[in-house]
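**Student:** Pasted the sequence and its predicted model underneath.
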Amino acid sequence: MSTEAAARAKPASQLPEPGRFWVRYVPRAWETSDRPWIHLASARLGDWSRKGSRGPAIESRAETPLDDVLYLPPVPPKRIAARDDLATARLVDGTPVLVHLFPGEESRIPPVQGVTFVFDVLAVLLEGEMGKLDRLPTGASVAWPLVPGLTDDPSLWDEGCRRLASSGARCAQAVTPLLVPADRRRLLDELEKPDEVFEALFHREPPSERDFARVAHRHGLDPFLPRPLPRAPIVGRENRRIGEVLALIAELWLRLGRSAEQGQAFYRAARWVDETTYDLDALAREKNLAVIPALDERSREAVAAVVEAGESELLEELLREYLT
């Protein structure tokens, strides 16, 4: 493979965040589904109007295993087998893989540790096929897009979350897609009666993700997807778990309108924890976190709490405030 071809094959990378489903790596070329969908890594509408240039052969198997979450967007039926083969191969490498599915869609990827299936309900909501939410697999995670005039009715949230809870779903995470005028026109093209929602779609502000999270929580659903973690031979699994707690603290801290300076400090700490080769678990148990300048005082306290107790009281406090 030429250097240029290798560069095209290697997935793009971004900073993993809880609001973006922890995605780190994103395919550069991908033949996507012809159904409406939300790109979970960018929180924008996916492209269901044109096809990727090379299909799902996005990378060389000779590459070093990816050390964080690889996102596999939805594919047309003819590409399902290729996507599943790619996901299985990466799982063998130890890479955590997030597979984007539609309700009713099946995959032959074994439900092993390291693979996470997230069901995008945008097309189901546009088509009014709420019954498909009743048939999701137990433990399913769902991305619920918040689109003004289309999916932002609290009564719709209540019915949807009730159905998801009854099906045994675990998580329903809200996504507010960033829409440009062309995106809104594409959504109108999917509707039988576009005039009824035109004003809301183009002029109404999207609802709060916190409001949806409260409804999901009321039905026993988690508001954020747990971070998919790597497996051997990839190292750093425990650091990723600690980074998950710090990033969630940062996200909730900022969403609740607390000090932006401290919120960014939590995020900086989370990113440093993800990147460092230090064993944070060992440093915390040996009481040596104070020598790490990249960690501010509150971040050190959070790390120590996770190592000592397996959880963070600060994170629990922020979640309670966010959901009540």
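**Tutor:** Done, it's in.

**Student:** Low-confidence ranges, the stretch 51-200 of the chain, go.
**Tutor:** For the stretch 51-200 of the chain, applying pLDDT under 70 flags the ranges 51-63.

**Student:** how about a cut-off of 90?
**Tutor:** Low-confidence segments of the stretch 51-200 of the chain (pLDDT under 90): 51-65, 76-79, 82, 105-114, 192-194.

**Student:** could you pull out the strands for it?
**Tutor:** For the stretch 51-200 of the chain, applying DSSP state E, counting those that start in this stretch gives strands covering 70-72, 97-101, 115-120, 141-145, 171-175.

**Student:** which of those strands sits most buried?
**Tutor:** Greatest average neighbour count among those goes to strand 70-72 (a mean of 26), per mean count of other C-beta atoms under 10 Å. Where you see a C-beta, it was placed from the backbone N, CA and C, and this is true even at glycine.

**Student:** Mind naming the longest helix for this structure?
**Tutor:** If you go by DSSP state H, the chain has its longest helix at helix 237-255.

**Student:** Can you name every helix or strand that it contacts?
**Tutor:** helix 260-275, helix 280-285, helix 297-309, helix 313-323 (3 or more C-beta pairs under 8 Å, 6 or more residues apart in numbering; DSSP states H and E).

**Student:** quick one: which of those is nearest S167?
**Tutor:** For S167, the closest of the helices and strands packed on helix 237-255 is helix 313-323, at 21.2 Å, according to C-beta to C-beta.

**Student:** Please export the C-alpha coordinates of that closest one as CSV.
**Tutor:** Extracted in CSV, the C-alpha atoms of helix 313-323 (Å, rounded to 0.1, in the frame of the first residue of the first chain):
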residue,chain,number,x,y,z
GLU,A,313,-19.2,10.8,45.1
LEU,A,314,-18.8,14.0,43.1
LEU,A,315,-20.0,12.3,39.9
GLU,A,316,-23.0,10.8,41.8
GLU,A,317,-23.8,14.3,43.2
LEU,A,318,-23.6,15.9,39.7
LEU,A,319,-25.8,13.1,38.2
ARG,A,320,-28.4,13.6,40.9
GLU,A,321,-28.6,17.3,40.3
TYR,A,322,-28.7,16.8,36.5
LEU,A,323,-31.5,14.3,36.6
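
**Student:** how about the nearest residue to A247, chain neighbours excluded?
**Tutor:** A270 (4.1 Å; C-beta to C-beta, 6 or more residues apart in numbering).

**Student:** So that neighbour sits against R240, correct?
**Tutor:** No. If you go by C-beta atoms under 8 Å, A270 and R240 don't touch, sitting 10.0 Å apart.

**Student:** if you count what's nearby, which of these two comes out ahead?
**Tutor:** A270 (27 against 23; other C-beta atoms under 10 Å).

**Student:** Pop the domain breakdown of this structure in here.
**Tutor:** 3-218, 237-323 (automatic domain parsing).

**Student:** Redo these as a markdown table? Include distance to R231.
**Tutor:** Shown next, in a markdown table, are these (distance: least, C-beta to C-beta, whole Å):
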| stretch | distance to R231 |
| --- | --- |
| domain 3-218 | 4 |
| domain 237-323 | 7 |
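
**Student:** before we move on, the earlier item: if we compare the helices and strands packed on helix 237-255, which one ends up closest to L146?
**Tutor:** In terms of C-beta to C-beta, the element of the helices and strands packed on helix 237-255 nearest to L146 is helix 313-323, at 16.0 Å.

**Student:** what residues does the closest one touch?
**Tutor:** Here helix 313-323 makes contact (C-beta atoms under 8 Å, 6 or more residues apart in numbering) with 210, 213-214, 217, 223, 245, 248-249, 252-253, 255-256, 298, 301-302, 305.

**Student:** Looking at the residues you listed, which two lie furthest apart in space?
**Tutor:** R214 and E301 (27.7 Å).

**Student:** hang on, isn't W253 packed against Q262?
**Tutor:** Yes. Counting by C-beta under 8 Å, Q262 is a contact partner of W253 at 6.6 Å.

**Student:** okay, these two: which has more neighbours?
**Tutor:** Applying other C-beta under 10 Å to W253 and Q262 shows that W253 carries more neighbours, namely 23 against 16.

**Student:** Now do the same for that one: its pLDDT.
**Tutor:** For W253, the pLDDT comes out at 98.

**Student:** Find the nearest non-adjacent residue to it, please.
**Tutor:** Nearest to W253 is G263, by C-beta to C-beta, 6+ apart, at 4.3 Å.

**Student:** just S33 next, same as before
**Tutor:** P74 (4.1 Å).
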